[in-house]
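[1] Got a predicted structure here, sequence first:
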Amino acid sequence: MNMESCGFGKVDIDENSPRPLPPLESWCAENGVQKMDGIELYSEDGLDYQAVTTVDIPAGSTVMYIPASLCLHSSAVGQELCAISPSVKEAADQLNKIGSGNSIPDFYLFVKLLMEYEAEDRSFYFPYLDSLPRLYFNAASMTDFCYECLPPLVFSLARMEKVKLDNFQKVLQKVDLISAFNKQNMPLLKWAFNAVYTRAYADKEGQGSDVTLTPMADMFNHGTDTEVEIYFDEGGNAMAYTTVDVPANSPLRISYGCPTNPSFLFARYGFMDDSSPATFCKMMDIPKTPENVNMGMDFSKMLFYHDTGDISQEVMDVVLYAKVLTDVKYSPELGDVKQQFYDAHMNGDEATKAAIHEAYRYETIMAIKKHVDTFLEQLAGLEKKSEGKSFDEHPRLPVILHHNQFVKETFSKVKQNLDAAASEMGGPMNGGGAGGWGGDEWNGGDWPAEEYSEEYAYME
């Protein structure tokens, strides 16, 4: 490993500063990074880079190798920093006390980047630091006005990111390894924070709890359909390998997170993935009880589909159980319908479950429709709020509007399907109630034995 001073100067973290990539590639090559021939770094604007291949690559090929000596593993970095100064351990302990213990590995990397930044060109990692992005569009970089333009879910996710940054700055005051000036230097703290949270890899299950910054291997962009995965061996070396056959002139992408939760990707990473097939239905008023979770309450399952407006089965199940059936009173004729539905779901009794769905289909549709109509009204208000605002003053606003438009398109298609389904049923008859508005009436007792489809015309 070449530990000599790199001699390039000081990292310029101005958002408009270019990212010098040739020094990074030279530094990596000198220190043991290996790339398959044909793997290149490509950029359209000189700010955002991605790894691409100019040659055909078969599945299972190792396309990149990064030695452990270059990887910044949070466990090793934490040991290093705590050995240098007990103040780092004190700061980590304070993070734990305020309920942010799971962020400690990221905090170690955050402090490490600040230390290396202050070392300027004396830092061994200078070429890597100088190659990192300066301009971010994620939650930690947003203005207060940007937050006012966010729908409830992404606002909540964005606030979580901002709270992490605030907590890091708070406990950083204890660390005597960083200068007093830089402890208050918010552009610098945001830069280091964003570098960690947008570029570090969390080890897969069974590989430990490290969070790792991996020079060169962090050039893989996100994709709903991916071509590459990262693996760390027992020695801490990182390897990127293809999971599918990749044709020449293709991007090499990994997954940054669930593709059906674009709001998280937006809040954490600052981009809108237009290839996301679906988005979370944005129902934030359902309590996260064990029963609701068992019914399918999960960001990755309760989905509205972008292209078709289809509704996932989990949305139908959770809304029926947690909203509709909660308002159904016990009666000797029907019994405890909510408990019967839950038991049928847990026991795999699809006939009983589908029959209850059919009996309360209209109420379920109307509950979802009310939510969709209200959410679309909120989006319209957010859109109006942004009118006339300067993108120079709020450079993240275009990305926010792009995110909101994606959600609006999805919800509008869902609304069309729900409106059509409600119109076909014509509304409640005979005062409503189970089976009281047409179709086969269920009046308690034994459930119909015939099989029911779990999916309707308006659902995927």
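    Ah, there it is. For clarity, every value in this text was computed on a predicted model and none was experimentally measured.
[2] tell me, what residue is most central in the chain?
    For the chain, the residue sitting closest to the mean C-alpha position, by C-alpha atoms, centre = their mean, is Phe264 at 3.1 Å.
[3] quick one, longest helix in this protein?
    helix 397-425 (DSSP state H).
[4] Buried residues, that helix. List them.
    Across helix 397-425, burial judged by 16 or more other C-beta atoms under 10 Å covers 397, 399-401, 403-404, 406-408, 410-411, 413-415, 417-418, 421. To be clear about C-beta, it is placed using only N, CA and C from the backbone, and glycine gets the same treatment.
[5] Check stretch 80-91 too.
    The neighbour-count check on stretch 80-91 (16+ other C-beta under 10 Å) flags Leu81, Cys82, Ser85, Ser87, Val88, Lys89, Ala91 as buried.
[6] What of stretch 220-230?
    For stretch 220-230, using 16+ other C-beta under 10 Å, the buried residues are Phe220, Asn221, His222, Gly223, Thr226, Glu227, Val228, Ile230.
[7] Which pLDDT value goes with the third one?
    This means His222. Reading off the confidence values, His222 has pLDDT 94.
[8] tell me the SS of the spatially closest residue to it that is not a sequence neighbour?
    With C-beta to C-beta, 6 or more residues apart in numbering as the criterion, His222 has its nearest non-adjacent residue at 4.1 Å, and that residue is Tyr256. Here Tyr256 is recorded as coil under DSSP: H, G, I helix; E, B strand; the rest coil.
[9] residues contacting Tyr256?
    By C-beta atoms under 8 Å, 6 or more residues apart in numbering, Tyr256 lies in contact with His222, Leu265, Arg268, Tyr269.
[10] Filter those residues down to the buried ones and hand me the PyMOL line.
    To isolate the buried ones among the contacts of Tyr256 in PyMOL, judged by 16+ other C-beta under 10 Å, type:
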select buried, resi 222+265+268+269
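[11] so of the contacts of Tyr256, which ones are in strands?
    His222 (DSSP state E).
[12] now the contacts of Tyr256 as CSV including distance to Lys162?
    Below are those laid out as CSV (distance: C-beta to C-beta, whole Å):
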residue, distance to Lys162
His222, 22
Leu265, 17
Arg268, 12
Tyr269, 15
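[13] of the contacts of Tyr256, closest to Gln313?
    Leu265 (23.7 Å; C-beta to C-beta).
[14] for this structure, which spans come out with low pLDDT?
    1-8, 203-208, 427-460 (pLDDT under 70).
[15] residues in contact with Thr410?
    Here Thr410 is in contact with Ala278, Thr279, Phe304, Tyr305, His306, Gly309 (C-beta under 8 Å, 6+ apart).
[16] Give me the spatial nearest neighbour of it, chain neighbours excluded.
    Thr410 sits nearest to His306 (C-beta to C-beta, 6+ apart), 4.6 Å away.
[17] So Thr279: helix, strand or coil?
    Secondary structure of Thr279, per three-state DSSP, is strand.
[18] count of neighbours near it?
    24 (other C-beta atoms under 10 Å).
[19] Roughly how far does it sit from Phe375?
    11 Å (C-beta to C-beta, to the nearest Å).
[20] one step back: could you double-check that the residue nearest to Thr410 sits in contact with Pro277?
    Yes: at 6.3 Å, His306 counts as touching Pro277 under the criterion of C-beta atoms under 8 Å.
[21] Wait, Lys183 touches Gln173, no?
    Yes: the criterion here is C-beta under 8 Å, and Lys183 meets it with Gln173 at 5.8 Å.
[22] Pull the contacting residues for the closest residue to Asp273 other than its chain neighbours.
    Residue nearest to Asp273 in three dimensions, not counting chain neighbours: Pro262, with 5.1 Å by C-beta to C-beta, 6+ apart. Counting by C-beta under 8 Å, 6+ apart, Pro262 touches Met272, Asp273, Ser276, Thr279, His403, Phe406.
[23] and what of Lys282?
    So Lys282 contacts Pro151, Pro152, Leu153, His371, Phe375, Val407 (C-beta under 8 Å, 6+ apart).
[24] quick revisit: for the contacts of Tyr256, work out which two are farthest apart.
    Longest span within the contacts of Tyr256, C-beta to C-beta: His222 and Arg268, 10.4 Å.
[25] shared neighbours, these two?
    By C-beta under 8 Å, 6+ apart, the residues touching both His222 and Arg268 are Tyr256, Gly257.
[26] in the stretch 201-350 of the chain, which spans are strands?
    201-202, 211-213, 221-222, 228-232, 238-242, 250-251, 253-254, 278-280, 303-305 (DSSP state E, counting those that start in this stretch).
[27] To Leu129, which of those strands lies closest?
    strand 211-213 (10.2 Å).
[28] follow-up on the earlier one: against Pro251, how distant is the residue nearest to Asp273?
    For Pro262, the distance to Pro251 equals 18 Å [C-beta to C-beta].
[29] just Val407 next, same as before
    25 Å.
[30] Over to Gln184?
    From Gln184 over to Pro251 (counting by C-beta to C-beta), the distance is 39 Å.
[31] what do you get for Thr243?
    For Thr243, the distance to Pro251 - C-beta to C-beta - is 14 Å.
[32] Give the full set of residues in contact with the residue lying closest to Leu189 once chain neighbours are set aside.
    Closest residue to Leu189 apart from its sequence neighbours, by C-beta to C-beta, 6+ apart: Gln169 at 5.6 Å. Shown in contact with Gln169 (C-beta under 8 Å, 6+ apart): Lys183, Met186, Leu189.
[33] could you pull out the strands for the stretch 51-200 of the chain?
    62-66, 72-73.
[34] if we compare these, which one ends up closest to Asp37?
    Among those, strand 62-66 comes nearest to Asp37, with 9.9 Å by C-beta to C-beta.
[35] CA-only coordinates of the closest one in CSV, if you can.
    What follows is strand 62-66, C-alpha atoms only, in CSV (Å, rounded to 0.1, in the frame of the first residue of the first chain):
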residue,chain,number,x,y,z
THR,A,62,-16.0,-11.1,-10.5
VAL,A,63,-15.9,-7.6,-12.0
MET,A,64,-14.1,-5.8,-9.2
TYR,A,65,-11.9,-6.6,-6.2
ILE,A,66,-11.1,-4.1,-3.4
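[36] Given that strand, what are its sheet partners and their directions?
    According to DSSP bridges, strand 62-66 forms sheet pairs with strand 34-35 (antiparallel), strand 238-242 (antiparallel).
[37] ok, how many other residues are close to Thr214?
    25.
[38] And Val293, by the same measure?
    12.
[39] Likewise for Asp93?
    Quick note: Asp93 (other C-beta under 10 Å) scores 13 neighbours.
[40] what's the spacing between the nearest residue to Ala267 once chain neighbours are set aside and Tyr147?
    Closest residue to Ala267 apart from its sequence neighbours, by C-beta to C-beta, 6+ apart: Leu157 at 3.9 Å. Leu157 is 11 Å from Tyr147, where distance means C-beta to C-beta.
[41] Show the contacting residues for the closest residue to Met219 other than its chain neighbours.
    Using C-beta to C-beta, 6+ apart and skipping residues adjacent in sequence, the residue nearest Met219 is Ala51, 4.6 Å away. Ala51 is in contact with Ile39, Glu40, Leu41, Tyr42, Met64, Met219, Phe220, Asn221, Val228, Pro251, Leu252, counting by C-beta under 8 Å, 6+ apart.
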